[in-house]
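> below: sequence and its predicted model.
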Protein chains: 4
Amino acid sequence: MFDTNLVVVGNVLAAPEWRRFEEPGSVVANFRIASTARRFDRESNQWVDGNSLRVRVTAWRRLAEGVISSISVGDPVIVYGRLHTRDWKDDNGNNRISYEIEASSIGHDLARGQSAFTRNT
Amino acid sequence: MFDTNLVVVGNVLAAPEWRRFEEPGSVVANFRIASTARRFDRESNQWVDGNSLRVRVTAWRRLAEGVISSISVGDPVIVYGRLHTRDWKDDNGNNRISYEIEASSIGHDLARGQSAFTRNT
Amino acid sequence: MFDTNLVVVGNVLAAPEWRRFEEPGSVVANFRIASTARRFDRESNQWVDGNSLRVRVTAWRRLAEGVISSISVGDPVIVYGRLHTRDWKDDNGNNRISYEIEASSIGHDLARGQSAFTRNT
Amino acid sequence: MFDTNLVVVGNVLAAPEWRRFEEPGSVVANFRIASTARRFDRESNQWVDGNSLRVRVTAWRRLAEGVISSISVGDPVIVYGRLHTRDWKDDNGNNRISYEIEASSIGHDLARGQSAFTRNT
């Protein structure tokens, strides 16, 4: 079957966290993103908040380096990646499920600011 | 901001459930879908299972009618819709979060079978 | 870089065409799909047609078989696949570019009808 | 029916062009993007170029301002928007069709560099 690709356009909820591993170049970064849809309400004749989404984003290697050096809490970003679930048990032995995006590309949203970009050499 | 649109290609995990409301034409159907990515493993030189995804799908009105009349457990389907989260508290008062796709289109995957289709009049 | 995945929800513009090759199981099917966005016009207070899209869809092997046996002109479908371009020269030697979706999944849209589905054995 | 949303991850082919209109704040920017898929070739046991895509991108208002101030030729970017077609006649009176993405979000790809971002006030 297929990867479940998706784009989330939203805001970074907290500063990214990261870990480096012994293997050279191996690093992973995580943050949470929030996105709220807007829909036009015909009764009030104005735009109102629709459904919202909060989800954890994981980035590896080069993308993790870009995230660590460039992204701060509150930044408006575009995240492109694959959605998947992870099964686990909580402290009471209940089955739980977590959702996560493994990102392949992340960028600051130029609809909401300006970016001075330096390409990797 | 934006709706978070996504496509999931996978299998229906259980027969859809549905409810009708008093308002004429108002009906909602739900089911869960599972999707497993396949990736090529260079060490074993073969395709292996990658990450998987399980998520709840909701359909309203005309789409709910199509789901109820057409979809059975195990069917291979394409689901297109918007991903969002819902916050709730469990019995112990812990904050919990659920993920759900509100579908706008659903179809049987013709890569995995044949379909005799009757258009709504 | 990446495949450019997309979903098109629309109508089949003409009956699919197909070719079989000598290699067993090798078959390709093509059709064109049209999709028209709807947007809410605040001045007239009603939904109106927005931009439209017409694009060629190609399916191979099992998916081509499903398309050939199941899809007719006018059918409402969901197409999921990869968008790419093809460069060519017209009769006057001008450079031309064509757009095509290589589909990985196609299904009848259950928002617009019912489907009796038979899974491949 | 629906907008056809898609993401293109690729490189900017030429410096963006733009026009301002008399209406305050009204500005449009255009550029072309190229993306080449990579696929793993089992015969040669290495990654090779797959299909490619070149397409025109249009941005309006705030997003156009961000593009004009931030994007240069060759930049690696993520583009999210709606794909549509435009019909026209060439000088010989032949029917022609052009494809265009009307972008809603664009960002530099942090998998390929670093970004110093300044949010709009």
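Received it, and whenever you're ready, just let me know what you need.

> centre of the chain to stretch A:4-19, how far?
2 Å (CA atoms, centre = their mean, to the nearest Å).

> for the spatially most central residue of chain A, list the residues it contacts.
By CA atoms, centre = their mean, chain A has its centre lying nearest to A:V57, at 3.9 Å. Residues in contact with A:V57 (CB atoms under 8 Å, 6 or more residues apart in numbering or on different chains) are A:V8, A:N30, A:F31, A:R32, A:I33, A:V79, A:G81, A:E100, A:I101, A:A103, A:I106. Backbone N, C-alpha and C define where each C-beta goes, glycine included.

> so A:D90 sits against A:R96, correct?
Yes - using CB atoms under 8 Å, A:D90 is in contact with A:R96, at 5.2 Å.

> tell me which parts of chain A are close to chain C?
A:F2, A:N5, A:F40, A:R42, A:N45, A:S104, A:S105 (CB under 8 Å from any CB of the partner chain).

> taking these one by one, which sit in strands?
Members of the residues of chain A next to chain C lying in strands (criterion: DSSP state E): A:N5, A:F40, A:S104, A:S105.

> determine which two of these are furthest apart.
Spatially, the most separated pair among these is A:F40 and A:S104, at 32.2 Å (CB to CB).

> in chain A, what residue is nearest chain D?
For chain A and chain D, the shortest gap (CB to the nearest CB) falls at A:G107, measuring 2.2 Å.

> count of neighbours near that residue?
32 (other CB atoms under 10 Å in any protein chain shown).

> and it, what are its bridge partners?
Beta-bridge partners recorded for A:G107 (DSSP bridges): A:I78.

> which residues does it contact?
A:G107 is in contact with A:V77, A:I78, A:S115, D:V77, D:I78, D:I106, D:G107, D:H108, D:D109, D:L110, D:S115, counting by CB under 8 Å, 6+ apart.

> circling back: farthest-apart pair in the residues of chain A next to chain C, please.
That would be A:F2 and A:N45, which, of the residues of chain A next to chain C, are the farthest apart (CB to CB) at 40.9 Å.

> the more surrounded of those two?
A:F2 (21 against 9).

> what's near enough to touch the nearest residue to the more buried one once chain neighbours are set aside?
Spatially, and ignoring its direct neighbours in sequence, A:F2 is nearest to B:V9 (4.6 Å; CB to CB, 6 or more residues apart in numbering or on different chains). Counting by CB under 8 Å, 6+ apart, B:V9 touches A:M1, A:F2, A:T4, B:S35, B:P76, B:V77, B:I78, B:V79, B:D109, C:Y80, C:S104, C:S105.

> go with 7 Å
By CB atoms under 7 Å, 6 or more residues apart in numbering or on different chains, the contact list for B:V9 reads A:M1, A:F2, B:S35, B:I78, B:D109, C:Y80, C:S105.

> distance check, A:L83 against chain B.
From A:L83 across to chain B, the span is 6 Å (CB to the nearest CB, to the nearest Å).

> swap in A:G93?
With CB to the nearest CB as the criterion, A:G93 and chain B are 13 Å apart.

> and that residue, how far from A:D87?
Separation of A:G93 from A:D87 (CB to CB, to the nearest Å): 13 Å.

> repeat that for A:T36.
Counting by CB to CB, the separation of A:T36 from A:D87 is 28 Å.

> those two: which is more packed in?
Using other CB under 10 Å as the criterion, A:T36 and A:D87 rank with A:T36 on top: 16 against 10.

> just the pLDDT for the more buried one.
pLDDT recorded at A:T36 is 90.

> and it, that one's in a strand?
Yes - assessed with DSSP: H, G, I helix; E, B strand; the rest coil, A:T36 lies in a strand.

> now it. Nearest residue, chain neighbours left out?
The spatially closest residue to A:T36, leaving aside those adjacent along the chain, is A:S52, at 4.3 Å (CB to CB, 6+ apart).

> also A:R32?
Leaving aside its chain neighbours, A:R32 sits nearest to A:L13 (4.2 Å; criterion: CB to CB, 6+ apart).

> wait, isn't the one you found in contact with A:A34?
Yes - with contact defined as CB atoms under 7 Å, A:L13 and A:A34 form a contacting pair (5.3 Å).

> overlap in contacts, these two.
Common contacts of A:L13 and A:A34 (CB under 7 Å, 6+ apart): A:R54.

> quick one: residues contacting A:S69.
Contacts of A:S69 by CB under 7 Å, 6+ apart are D:Q114.

> list the buried residues of the host helix or strand of A:A59.
Assigned by DSSP states H and E, A:A59 belongs to strand A:46-60. Neighbour counts over strand A:46-60 (16 or more other CB atoms under 10 Å in any protein chain shown) mark A:G50, A:N51, A:S52, A:L53, A:R54, A:V55, A:V57, A:T58, A:A59, A:W60 as buried.

> before we move on, what about stretch A:60-70?
A:W60, A:R62, A:L63, A:A64, A:E65, A:G66, A:V67, A:I68, A:S70.

> list the buried ones in stretch A:95-105?
Buried residues in stretch A:95-105 (16+ other CB under 10 Å): A:Y99, A:E100, A:I101, A:E102, A:A103, A:S104, A:S105.

> on that earlier part again, between the buried residues of strand A:46-60, which is nearest D:T121?
Minimum distance to D:T121 across those is 24.5 Å, recorded for A:S52 (CB to CB).

> need the pLDDT of the closest one.
At A:S52, pLDDT is 93.

> isn't it right up against A:I33?
No - with contact defined as CB under 7 Å, A:S52 does not count as touching A:I33 (11.0 Å).

> thinking again about what came up before, who's the residue nearest to the centre of chain A bridged to?
Beta-bridge partners of A:V57, as defined by DSSP bridges: A:F31, A:I101.

> all set now, cheers.
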